[in-house]
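Engineer: Sequence and predicted structure, then a few things I'm wondering about:
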Amino acid sequence: MYFHYGEKETDYLRAKDPALGAVIDKVGHIDRSIDPDLFSSVVHQIIGQQISTKAQTTIWNRMQDAFGEVNPEVIAAADTDLLQSFGMTFRKTEYIREFAGKVSDGSFDLNEIRNLPDKEAAARLTSLRGVGVWTAEMILLFCLERPDILSFNDLAIRRGLRMVYHHRSISRELFEKYRRRYSPYGSVASLYLWAVAGGAVEGLTDPARPKKD
């Protein structure tokens, strides 16, 4: 499954911001995978903190191979040594086992999260150990498909902004200007800024990086 968007969102962003519109035209439609299962999405995002996407994928695949479905029951039943054998740290195993326990005993209501506005949903998610603001925002975008997520805490998003608009740095104030401009489709803008940061548009460079001789 991919994050769902179409011409309504891209036409709006083109009209609001010609520079981003040019990026959209060059890159085309982006298929970005989502995980509609909130429990496994939280686990997946905790695993991926401070490691490469490749390492995250490797650990996640090992876990899926071992368990089949990643759900509260199998995580709560798994011991720490088994979870660490997939490649994650002891602290991350603590976080996901504690999360599984809270879901299992009803002290954390996954269905409630789905029905909360963005800020309240993020606040509930960050009440979990191991879930910071950035992780919560990624869950809102790549699990719940919230349409207006643009994360200041994401380094690649800020890099994409520097590259598209030729800024040497992105202050919080400047970031908020772009957030307001993209709203209510900040999530789609995020997809294109990530693409830019990853080198999808030839000729766009990061002004914050020194030029090579």
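Structural biologist: Done, it's in.
Engineer: Quick one: low-confidence residue ranges for this structure.
Structural biologist: Applying pLDDT under 70 to the chain flags the ranges 210-213.
Engineer: residue ranges of the helices in it, please?
Structural biologist: 7-16, 18-27, 38-47, 53-67, 72-77, 80-85, 90-105, 110-114, 118-126, 133-142, 155-165, 172-182, 186-197 (DSSP state H).
Engineer: Tabulate the ones you listed (a markdown table), appending distance to residue 203 and mean neighbour count.
Structural biologist: C-beta: built from backbone N, CA, C; applies to glycine. Listed next are these as a markdown table, based on distance: least, CB to CB, whole Å; neighbours: other CB atoms under 10 Å:
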| stretch | distance to residue 203 | mean neighbour count |
| --- | --- | --- |
| helix 7-16 | 19 | 15 |
| helix 18-27 | 10 | 16 |
| helix 38-47 | 33 | 22 |
| helix 53-67 | 25 | 15 |
| helix 72-77 | 46 | 16 |
| helix 80-85 | 44 | 14 |
| helix 90-105 | 39 | 18 |
| helix 110-114 | 41 | 13 |
| helix 118-126 | 34 | 17 |
| helix 133-142 | 28 | 22 |
| helix 155-165 | 10 | 20 |
| helix 172-182 | 21 | 14 |
| helix 186-197 | 11 | 23 |
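Engineer: and of the ones you listed, who's closest to residue 207?
Structural biologist: Residue 207 lies closest to helix 155-165 among the helices of the chain, at 5.6 Å (CB to CB).
Engineer: quick one: that closest one to chain centroid distance?
Structural biologist: The chain centre lies 16 Å from the centre of helix 155-165; the measure is CA atoms, centre = their mean, to the nearest Å.
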